[in-house]
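K.L.:
3D, please:
(one chain, ligands or ions: 1)
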Amino acid sequence: MREYRLYKYRIPVDSQLILRNRFLKQREGIIVYVKCGNNEGYGEIAPLPEFSEETLEQAKEQVIDWLSRWDKARQCNQKLSLDGLYPSVAFGLSCALAELKGKLNEEGNYQVAPLCYGDPDELYQVLDNMQGEKVAKIKVGMYEANRDGMIANMLLEAIPDLSLRLDANRSWTPEKARMFAKYVNPEYRSRIQFLEEPCKTREQSRAFAKETGIAIAWDESVREADFKVEAETNLAAIIIKPTLVGSLDYCIDLIQQAHQQGLKAVISSSIESSLGLTQLARIAKQYTPDTIAGLDTLNLMDYQLLRVWQGSTLPLLDLNSEFISEINIE
Ligand SMILES: [Mg+2]
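P.N.:
Alright, predicted model coming up:
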């Protein structure tokens, strides 16, 4: 017998969190629970405002519809496709089903590239406690490009075994990107693992990489209809944000294509709760074992949800908590 339940969650987040043009005061999403015999699985469906094309309401309607067909399909013994679903719905459902079928290993990769918000002193401390490879991530493009360049240069100079991942979210004109690079000592540039999408267009980003020798990575591009995983000069990685990309199978396919082309695939968060985030850590462990994932977003939230992120002391919410309510499915 197949069973399923849906819950809605609402978790307060750090008041500093700005997504593109808006402050995010709470993170909302849907928890999917599926059960078959003695097996069960959970998944998280959490469209990210400003980034996902679907709203939470649309996702809710779609998942209710899919689950009712899944329930019926059991009787005709057919496998129900996730094709055509919104990315967040496909991802959440596929995780729940993967847990149900025992396809997602328990062990996760909880090593993260700490996000640095521009205060180097804070970063020194975090890096001091970091085991193994020292990688930090800095969001650039929010302030002056020369300031970004100086901070990156200063960190690379001060910490000789540090490598950096930078993310400009397509915010620079070619001139601003050049201004950034001007402040980064050419000797340090190879320690920038990649700079995600420096410019507005892929062409401009390619030209920047060619001119400066700074490796780039595709992130926004991965979600565009014309995108193909293709090795190119100065391209180091593709960033995969499953909530924005789609089902687990589709993400695995992208990872395999990247590896075949000699590119890194970096599993990255879309600010999921600890439920989705720990699943991303497990996916990273299983499919990108040699790469540190981009999952340092849990501390933006005030609580964890159902699952504990290794080492986190944030309070844990269960299904009975005031921030979670069951969705009535009629
Ligand atoms: Mg990015």
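K.L.:
burial count for Gly102?
P.N.:
10 (other Cβ atoms under 10 Å). C-beta here means a position set from N, CA and C on the backbone, and glycine is covered the same way.
K.L.:
Please verify my assumption that it contacts Asn39.
P.N.:
Yes. Using Cβ atoms under 8 Å, Gly102 is in contact with Asn39, at 7.2 Å.
K.L.:
is the residue in the stretch 1-150 of the chain that the ion sits nearest to in a bridge, and if so with what?
P.N.:
In the stretch 1-150 of the chain, the residue that lies nearest the ion is Lys139 (8.4 Å; Cβ to the ion). With DSSP bridges as the criterion, Lys139 is bridged to Asp167.
K.L.:
That one: what's it in contact with?
P.N.:
Leu115, Tyr117, Leu166, Asp167, Asn169 (Cβ atoms under 8 Å, 6 or more residues apart in numbering).
K.L.:
And the last one, how far from the ion?
P.N.:
So the one you mean is Asn169. The gap separating Asn169 from the ion is 5 Å, by Cβ to the ion, to the nearest Å.
K.L.:
Can you classify that residue as helix, strand or coil?
P.N.:
Three-state secondary structure (criterion: DSSP: H, G, I helix; E, B strand; the rest coil) places Asn169 in coil.
K.L.:
need the contact list for it.
P.N.:
So Asn169 contacts Lys139, Gly141, Glu196, Glu197, Asp219, Glu220 (Cβ under 8 Å, 6+ apart).
K.L.:
in the stretch 151-300 of the chain, which spans are helices?
P.N.:
Ranges of helices in the stretch 151-300 of the chain, per DSSP state H, counting those that start in this stretch, are 174-182, 202-212, 242-245, 248-260, 274-287.
K.L.:
Would you mind telling me which of those is nearest the ion?
P.N.:
Here helix 242-245 is closest among the helices of the stretch 151-300 of the chain (Cβ to the ion), at 10.5 Å.
K.L.:
that older thread, including pLDDT, could the contacts of Lys139 go into CSV?
P.N.:
Conversion of the contacts of Lys139 to CSV gives the following (pLDDT from 0 to 100):
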residue, pLDDT
Leu115, 82
Tyr117, 68
Leu166, 96
Asp167, 95
Asn169, 94
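K.L.:
For those residues, which entry has the maximal number of neighbours?
P.N.:
Leu166 (25 neighbours).
K.L.:
and the gap between that residue and the ion?
P.N.:
Taking Cβ to the ion as the measure, Leu166 and the ion are separated by 9 Å.
K.L.:
Wait, that residue touches Val135, no?
P.N.:
No. Using Cβ under 8 Å, Leu166 makes no contact with Val135, being 11.3 Å away.
K.L.:
Close to the ion: what parts of the chain are there?
P.N.:
Taking Cβ under 5 Å from the ion as the contact definition, the chain meets the ion at Asp167, Glu196, Asp219.
K.L.:
one more time with 6 Å
P.N.:
Asp167, Asn169, Glu196, Asp219, Ile239 (Cβ under 6 Å from the ion).
K.L.:
what are the bridge partners for the third one, then?
P.N.:
So the one you mean is Glu196. Applying DSSP bridges, one finds that Glu196 bridges with Asp167, Ala217.
K.L.:
show me what contacts it?
P.N.:
Arg165, Leu166, Asp167, Ala168, Asn169, Ile216, Ala217, Trp218, Asp219, Ile239.
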